[in-house]
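>>> Pasting the sequence and the predicted model now:
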Amino acid sequence: MNTNTSQAIGVYIRILYVATSIMLAGAGGDTLQIHIDGITKGDKVLIHDDVLATGGTAKAVCNLVERLGGKIVQCNFIIELGFLKGAEELKVPVKSLLTY
């Protein structure tokens with residue numbers, strides 16, 4: 001559990017088919033899972049992923065973090081498929097290294 005809310009933290013969120021912790025449906029019917037104590041109220045969170053396409057998975061991750069009380073600072077991606085307009089689905093700043 002993070003007790004210092006003045007710094008951004010990193011928490012591993014994975015896509016699963018069966019989950020036992022807090023869960024939320026993601027893109028394609030997959031399940032996202034995070035430990036309940038992975039984020040506490042007021043934590044600042046940066047989200048990193050490889051590809052932003054339609055934004056479904058990233059939006060589900062954002063919702064999961066917010067359900068635990070975290071504040072999303074920004075979502076970062078290596079590749080963004082801009083023609084799919086996934087960044088428009090997110091209500092936080094989005095940065096990508098490459099946009100196609």
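Everything's here; your move.
>>> roughly how far apart are the residue nearest in space to the middle of the chain and Leu46?
The centre of the chain sits closest to Val61, judged by CA atoms, centre = their mean, with a distance of 3.3 Å. Noted for Val61: a distance of 11 Å to Leu46, by CB to CB, to the nearest Å. Yep, even glycine has a C-beta here, placed from its N, CA and C like the rest.
>>> ok, now Val92?
According to CB to CB, Val92 and Leu46 sit 10 Å apart.
>>> ok, now Ile72?
8 Å.
>>> Who has more neighbours out of the two?
The residue with more neighbours, out of Ile72 and Leu46, is Ile72; 21 against 15, by other CB atoms under 10 Å.
>>> shouldn't the more buried one be in contact with Leu64?
No. Using CB atoms under 8 Å, Ile72 is not in contact with Leu64, being 10.3 Å away.
>>> pLDDT weak spots in the protein?
Applying pLDDT under 70 to the chain flags residues 1-30.
>>> now the strands: where do they sit in this structure?
Assigned by DSSP state E, the chain shows strands spanning 8-9, 14-16, 22-25, 31-34, 44-52, 71-80, 94-99.
>>> Quick one: closest of the ones you listed to Gly86.
Set against Gly86 and scored by CB to CB, those come closest in strand 44-52, at 4.6 Å.
>>> List the pairing partners of that closest one within its sheet, with orientation.
In the sheet, strand 44-52 lines up against strand 8-9 (parallel), strand 71-80 (parallel) (DSSP bridges).
>>> can I get those strands in a markdown table with distance to Thr40?
Shown next, in a markdown table, are the strands paired with strand 44-52 (distance: least, CB to CB, whole Å):
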| stretch | distance to Thr40 |
| --- | --- |
| strand 8-9 | 9 |
| strand 71-80 | 11 |
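>>> Which one of the strands of the chain lies nearest to Glu88?
strand 94-99 (9.2 Å).
>>> Give the buried residues for the closest one.
Within strand 94-99, the residues scored as buried using 16 or more other CB atoms under 10 Å are Val94, Ser96.
>>> For that strand, what is the distance to the chain centroid?
Mean-position distance between strand 94-99 and its chain equals 15 Å (CA atoms, centre = their mean, to the nearest Å).
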